[in-house]
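**Q** sequence plus predicted model, see below.
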Amino acid sequence: MIMRILGEGQYEIAASHLDRLNALDVVLQAAAASGDEAEFAAGLRELLDTVRALGTRLPDSDLAPSDLILPDEDTSLDELQELLADEGLIPG
């Protein structure tokens, strides 16, 4: 699976890591639902750091389509709530 972090680039993520990322996404959804800006910022940072740690960064010249697009760390809670689908940022 290829995930894009807006403004940063794409990462290839093995399917074996999706459960971990989904668990972080659940925490992020809860923070967004509660309106807790600090918890939201920490959750988003942890999700993106985990994608970076578990994924393999693809070259910028690689134009493969992204399976998922994640916001950058500067995304506000209000902006994220507009992006969230019923399943969060990472469906599954």
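**A** Nice, thanks for sending it over. Numbering: from 1, shown residues only.
**Q** count the neighbours of residue 16 for me.
**A** Residue 16 has 8 neighbours, counted by other CB atoms under 10 Å. Quick note: C-beta positions are derived from backbone N, CA and C, even for glycine.
**Q** looking at this, it is in a helix?
**A** Yes. Under DSSP: H, G, I helix; E, B strand; the rest coil, residue 16 sits within a helix.
**Q** what's it in contact with, if anything?
**A** Listed by CB atoms under 8 Å, 6 or more residues apart in numbering, the contact set of residue 16 is empty.
**Q** residue 54 versus that one, what's the distance?
**A** Remark: distance between residue 16 and residue 54 (CB to CB, to the nearest Å) = 9 Å.
**Q** can you check residue 60 too?
**A** 20 Å.
**Q** between these two, who's got more neighbours?
**A** Each of residue 60 and residue 54 has its neighbours counted (other CB under 10 Å); residue 54 has more, 17 against 9.
**Q** distance check, the residue of the chain positioned farthest from its centre against residue 16.
**A** In the chain, the residue that sits farthest from the middle, by CA atoms, centre = their mean, is residue 61; the gap is 21.5 Å. As judged by CB to CB, residue 61 and residue 16 stand 27 Å apart.
**Q** check residue 55 too.
**A** Taking CB to CB, one finds residue 55 at 12 Å from residue 16.
**Q** list the residues that contact the nearest residue to residue 6 once chain neighbours are set aside.
**A** Nearest residue to residue 6, sequence neighbours excluded (CB to CB, 6 or more residues apart in numbering): residue 72, at 4.7 Å. With CB under 8 Å, 6+ apart as the criterion, the residues that contact residue 72 are 5-8, 48.
**Q** can you check residue 17 too?
**A** If you count contacts by CB under 8 Å, 6+ apart, residue 17 has them with 54-55.
**Q** stretch 68-84: which residues count as buried?
**A** Residues of stretch 68-84 classed as buried by neighbour count (16 or more other CB atoms under 10 Å): 68, 70-71, 75, 77, 80.
**Q** would you map the strands across the chain?
**A** Under the criterion DSSP state E, strands of the chain are mapped to 2-5, 9-12, 56-57, 68-70.
**Q** helices or strands up against the shortest one?
**A** Counting contacts by 3 or more CB pairs under 8 Å, 6 or more residues apart in numbering; DSSP states H and E, the secondary-structure elements packed against strand 56-57 are strand 9-12.
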